[in-house]
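Asks: Just need the structure, nothing else, for what follows:
(2 chains)
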There are 2 protein chains.
Amino acid sequence: MRISELARRGGLPVATVKYYLREGLLSAGEPTAATQARYGESHVERLLLIRALLGAGGLSIHAARAVLEVVDDPSTSVHDALGAAHHALPPSPGDPPPEQLDRARSLLRRWGWWCDDTSPPLAALAAALHALEAARFDTPDELLDRYADAAAALAEQDVAAVPTGSAAEAVRFVVVGTVLLEPVLLALRRLAQEDVSLRRR
Amino acid sequence: MRISELARRGGLPVATVKYYLREGLLSAGEPTAATQARYGESHVERLLLIRALLGAGGLSIHAARAVLEVVDDPSTSVHDALGAAHHALPPSPGDPPPEQLDRARSLLRRWGWWCDDTSPPLAALAAALHALEAARFDTPDELLDRYADAAAALAEQDVAAVPTGSAAEAVRFVVVGTVLLEPVLLALRRLAQEDVSLRRR
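Replies: Numbering: from 1, shown residues only, chains lettered A, B, ... in the order given. Model prediction:
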């Protein structure tokens, strides 16, 4: 198909598709003339994935490129893909205070979770705990235990659901599932809060 | 205390504190001279709350003002506060496609959840489902059931933990807890994924 048809299928203006081509997020089509190229179904799939990462995923072009490089590398293991996705994805907090980083580490030990000390979500947890403390919001261990229980149950099922057919498909599933299921989880927590508070009113 | 001390306690430059005063996020101090005012502990608390909302909460000045108005209104019920917080808070998705809005509504019926049809998290859920579909990521009801179970368990405990002492404190707890516990939940899900994938490697 031509670029105009590709853009239509992806639900995007032609100028945006050309931008993704220039930025290297989308691979070039097969040249058919000096200024024309032919695109296939793989380009449509890729365009939809780019759109999802930049849109709902909230990724920058730079971060999307890093994630797409992981998706494209068939030698990446699922664990390495998770790590790479977590490094690429927002939020990327600044340096949290050492005491909150210590608390985050001690919580992980409390739950028996293993984690690389340079893992971005560890810093993200410490930054989030710091923000809560700055807002004078108490976070006793028992409250965080409940959140950890919910997160662990989801993660167990998330990782078990990773398809084992092809490495590329597994990696895509992990990256997309990490980014795009987060807004689902947050929306559901808020909806559940509304339901519970309405019942108690 | 003077504005310089207030700024120091809040960990912010004096210029930023003056900006919050001009924007009406922070109430004026008690005037002590033509160009000086005295501030109290309530100003420190408020400054820390503003910092948390704009920082970790990711709110715009406009959205923070809307949330603070809810916090300041003692006649607001917890349920109304939740609704106001959910209207003020990002993300505020565009109009999701009607078929995804229908799916979101039917999922809520499946779980027996009550929800106002104009509730922002309902639109957020529909937008998130749309992004997943656009990325060709299957979301069978069974997968969403697991996320709903986790969200319901957290929401039940979130709402039960709301302090009942004063209305203002209850509202502040709901608003801050809604915004600032979300990064905790997302960080924990990613950490739990890393733990599970490391164990399975």
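Asks: Point me to the helix or strand that includes A:Pro74.
Replies: Assigned by DSSP states H and E, A:Pro74 belongs to no helix or strand.
Asks: Just give me the neighbour total for it.
Replies: A:Pro74: 10 surrounding residues under other Cβ atoms under 10 Å in any protein chain shown. Where C-beta positions appear, they are placed from N, C-alpha and C, glycine not excepted.
Asks: Go through the helix or strand encompassing A:Tyr20 and flag the buried ones.
Replies: Assessed by DSSP H and E, A:Tyr20 sits inside helix A:14-22. Of all the residues in helix A:14-22, those buried under the rule 16 or more other Cβ atoms under 10 Å in any protein chain shown are A:16-17, A:20-21.
Asks: next structured bit after the helix or strand bottoming out on mean pLDDT in chain A?
Replies: Ranked by mean pLDDT, DSSP states H and E, the weakest helix or strand in chain A is helix A:78-88, scoring a mean of 74. The helix or strand immediately downstream of helix A:78-88 is helix A:98-111, counting by DSSP H and E.
Asks: And what about the residue most central in space within chain A, helix, strand or coil?
Replies: Closest to where the C-alpha atoms of chain A average out (Cα atoms, centre = their mean) is A:Val179, at 2.4 Å. Counting by DSSP: H, G, I helix; E, B strand; the rest coil, the backbone at A:Val179 sits in helix.
Asks: pretty sure it is touching A:Ala63, no?
Replies: No: when contacts are counted by Cβ atoms under 8 Å, A:Val179 is not listed as touching A:Ala63 (9.7 Å).
Asks: rewinding a little: now look at the helix holding A:Tyr20 and say if it contacts chain B.
Replies: No: using Cβ under 8 Å from any Cβ of the partner chain, helix A:14-22 never reaches chain B; the gap is at least 14.2 Å.
Asks: send the alpha carbons of that helix over as CSV?
Replies: Taking C-alpha atoms only, helix A:14-22 is exported to CSV below (Å, rounded to 0.1, in the frame of the first residue of the first chain):
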residue,chain,number,x,y,z
VAL,A,14,0.4,11.5,6.4
ALA,A,15,2.7,14.2,7.8
THR,A,16,2.8,12.3,11.1
VAL,A,17,3.7,9.0,9.4
LYS,A,18,6.5,10.8,7.6
TYR,A,19,7.7,12.1,10.9
TYR,A,20,7.9,8.6,12.4
LEU,A,21,9.8,7.5,9.3
ARG,A,22,12.3,10.3,9.7
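Asks: can you map out the strands along chain A?
Replies: Assigned by DSSP state E, the strands in chain A fall at A:30-33, A:36-38.
Asks: okay, these in a markdown table with distance to chain B and mean neighbour count next?
Replies: Converted to a markdown table, the strands of chain A look like this (distance: least, Cβ to the nearest Cβ, whole Å; neighbours: other Cβ atoms under 10 Å in any protein chain shown):
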| stretch | distance to chain B | mean neighbour count |
| --- | --- | --- |
| strand A:30-33 | 23 | 9 |
| strand A:36-38 | 22 | 14 |
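Asks: Can you lay out those as JSON lines showing distance to B:Glu142 and mean pLDDT?
Replies: Listed next are the strands of chain A as JSON lines, based on distance: least, Cβ to Cβ, whole Å; pLDDT from 0 to 100:
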{"stretch": "strand A:30-33", "distance to B:Glu142": "40", "mean pLDDT": "92"}
{"stretch": "strand A:36-38", "distance to B:Glu142": "40", "mean pLDDT": "93"}
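Asks: Reformat these as a markdown table; add distance to B:Thr164.
Replies: Listed next are these as a markdown table, based on distance: least, Cβ to Cβ, whole Å:
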| stretch | distance to B:Thr164 |
| --- | --- |
| strand A:30-33 | 67 |
| strand A:36-38 | 65 |
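Asks: Which among those is found nearest to A:Pro140?
Replies: With respect to A:Pro140, and counting by Cβ to Cβ, the nearest of the strands of chain A is strand A:36-38 at 59.4 Å.
Asks: got the contact list for the closest one?
Replies: With contact meaning Cβ atoms under 8 Å, 6 or more residues apart in numbering or on different chains, strand A:36-38 is reached by A:1-3, A:28-32.
Asks: before we move on, what about stretch A:110-129?
Replies: A:83, A:86-87, A:89, A:91-97, A:100-101, A:103-105, A:107-108, A:139, A:141, A:145, A:148, A:152, B:56, B:180-181, B:183-184, B:186-188, B:190-192, B:194-195, B:198-199.
Asks: among those residues, which ones are buried?
Replies: Of all these considered here, the ones buried according to neighbour count by 16+ other Cβ under 10 Å are A:83, A:86-87, A:89, A:91, A:93, A:96, A:100-101, A:103-104, A:107-108, A:139, A:148, A:152, B:56, B:180-181, B:183-184, B:186-188, B:190-192, B:194-195, B:198.
Asks: Quick one: low-confidence residue ranges for chain A.
Replies: Applying pLDDT under 70 to chain A flags residues A:56-57, A:90-94, A:165-168, A:201.
Asks: again, only using 80
Replies: A:52-53, A:55-59, A:71, A:74-95, A:134-136, A:163-175, A:200-201 (pLDDT under 80).
Asks: Distance-wise, check A:Gly83 relative to chain B.
Replies: 7 Å (Cβ to the nearest Cβ, to the nearest Å).
Asks: was I right about that residue contacting B:Glu194?
Replies: Yes: assessed by Cβ under 8 Å, A:Gly83 is found in contact with B:Glu194 at 6.9 Å.
Asks: sorry, back to before: for A:Val179 and A:Ala63, list the residues in contact with both.
Replies: Common contact partners of A:Val179 and A:Ala63 (Cβ under 8 Å, 6+ apart): A:Leu89.
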